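K.L.:
Turn this into a model:
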Amino acid sequence: MKIQLRQIAHARSGDKGDDVNIGLIALTPQDYAVLVREVTASRVKKHFAEICRGEVERYELPNLYALNFVLHHALDGGGLVSLRMDNQGKTYSAALLRMEINVP
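P.N.:
Below you'll find the model as predicted:
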């Protein structure tokens, strides 16, 4: 069955220059196992394909039941030079929570 990430996680995001940082936090320990399996760096890169021009890195934080993603070159130059509506990456967490994943 397919669900949106928002059903099993919450998220926060922000920027550092031209990069976006997204923290994805599971609602339960069981949900964390699903996140680790389903939310890969390549899937996040594909989800943000139209706006992320660089690589996507994923970091696991098992003690927090969380994943952290860094999307490189995703802000069209960053806060002071970008003409994008969200030039600081604050809404990227909401966009990631709309990603669909498979669950048993």
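
K.L.:
what are the pairing partners of the lowest-mean-pLDDT helix or strand in the chain, and which direction each?
P.N.:
The helix or strand of the chain with the poorest confidence is strand 9-16; it has a mean of 91 (mean pLDDT, DSSP states H and E). Here strand 9-16 has these sheet partners by DSSP bridges: strand 19-26 (antiparallel).

K.L.:
Pull the partner strand out as CSV, backbone CA atoms only.
P.N.:
What follows is strand 19-26 as a C-alpha-only set of coordinates in CSV (Å, rounded to 0.1, in the frame of the first residue of the first chain):
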residue,chain,number,x,y,z
ASP,A,19,22.0,23.9,0.4
VAL,A,20,18.8,22.7,2.1
ASN,A,21,18.8,20.6,5.2
ILE,A,22,15.7,18.4,5.9
GLY,A,23,15.2,16.5,9.1
LEU,A,24,12.7,13.6,8.8
ILE,A,25,11.6,12.2,12.2
ALA,A,26,9.6,9.0,12.6
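
K.L.:
Quick one: mean pLDDT over that strand.
P.N.:
Averaged over strand 19-26, pLDDT sits at 96.

K.L.:
Show me the strands in the protein, by range?
P.N.:
Assigned by DSSP state E, the chain shows strands spanning 2-4, 9-16, 19-26, 56-61, 66-71, 100-102.

K.L.:
buried sites along stretch 26-45?
P.N.:
In terms of neighbour count (16 or more other C-beta atoms under 10 Å), stretch 26-45 has its buried residues at 26, 31, 32, 34, 35, 38, 39, 41, 44, 45. Glycine gets a C-beta too; all of them are placed from N, C-alpha and C.
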